[in-house]
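In: Sequence isn't available, so here's the structure alone:
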């Protein structure tokens, strides 16, 4: 009997498809809301509704209950999460005890890339300034010294070359930008995209009109964009972060924005979430703040479910799981 932990919502939505993926093998859907920590399971599906409004730093009671179920299930062998990353403490703990963890990397890649593009376009077209004028009922055309620069011919340095980074590069290339991808391995080069390793980041930052963060949070990327890295950017460059807040040192980003070294930023992620009401980022007229919402879309649920079910079939057959966190 294969015991699968899921929320009641996920169990109801996916019950028949789970049975099909298991090929008739006996199984039991364990609904998280109906059991206490200590209930043993073999597999867990952490759907979006489990995480709900919780963040990595602020876990709400329903999410905490599910995490406690994961932590206290001695027979748990594999957990699949709806997110593209698995840097929440519970997943680090599971991996430390030998539980396989897989992600839904790629499920929301198009949506995140579109959000990053929206940030680039909004900043390039000076929308924060225009919207401030709208709130003040001021007619403020972008003429004279306020003219926006053409995007075509500018350079975007994209840190991270997973599904999100690749799609961002495709969108920006279509607008005429030159893209430089920063990744672990610089080869093979992609057509139309320059490649460097993380060791080469400093060499390309002086050319970056746009620094776009789309990488996972790892020991390599934590604190990657600090005062030293920001100082290498041309004055007036822009930052877009749809990766993880800890990739950039927030205090250094704020200082660069205040000094004008950074002309503007679209920040979707932060070192601590929710972002404190005391953060100066909220009130900066050259910053777009969004609440870790870059990947939210009504199509994600089905894409995540499809990934979990495909992996469930692999797990049934003893085959390697896709999107396994190494």
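Out: Alright, I've got the coordinates. Just so it is clear, the model here is predicted, and its values are computed rather than measured.
In: quick one, domains of the protein?
Out: 2-107+298-317, 109-289 (automatic domain parsing).
In: For the longest one, measure first residue to last.
Out: Taking CA to CA, to the nearest Å, the span from the opening residue of domain 109-289 to its closing residue is 20 Å.
In: Can you add mean pLDDT and give the domains of the chain back as CSV?
Out: Below are these laid out as CSV (pLDDT from 0 to 100):
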stretch, mean pLDDT
domain 2-107+298-317, 97
domain 109-289, 96
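In: okay if I get those as JSON lines plus mean neighbour count?
Out: C-betas here are computed from N, CA, C, even on glycine. Formatted as JSON lines, these follow (neighbours: other CB atoms under 10 Å):
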{"stretch": "domain 2-107+298-317", "mean neighbour count": "17"}
{"stretch": "domain 109-289", "mean neighbour count": "17"}
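In: TSV for those domains, including distance to residue 323?
Out: Shown next, in TSV, are these (distance: least, CB to CB, whole Å):
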stretch	distance to residue 323
domain 2-107+298-317	5
domain 109-289	10
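In: now residue 106, nearest residue through space, not along the chain?
Out: Among residues not flanking residue 106 along the chain, residue 163 sits closest, at 4.1 Å (CB to CB, 6 or more residues apart in numbering).
In: contacting residues around that neighbour?
Out: Residues in contact with residue 163 (CB atoms under 8 Å, 6 or more residues apart in numbering) are 84, 105, 106, 109.
In: now swap in residue 213 and tell me
Out: 159, 160, 225, 239, 240, 241, 242, 243, 247, 248.
In: what about 7 Å?
Out: Residues counted as contacts of residue 213 (CB atoms under 7 Å, 6 or more residues apart in numbering) are 159, 160, 225, 240, 241, 242, 243, 247, 248.
In: ok, now residue 53?
Out: Applying CB under 7 Å, 6+ apart to residue 53 gives the contacts residue 60.
In: so is it in a helix, a strand, or just coil?
Out: coil (DSSP: H, G, I helix; E, B strand; the rest coil).
In: Can you spell out which helices and strands pack onto the strand or helix carrying residue 112?
Out: Applying DSSP states H and E as the criterion places residue 112 in helix 109-124. For helix 109-124, the packing partners by 3 or more CB pairs under 7 Å, 6 or more residues apart in numbering; DSSP states H and E come out as helix 163-174, strand 237-241, strand 262-267.
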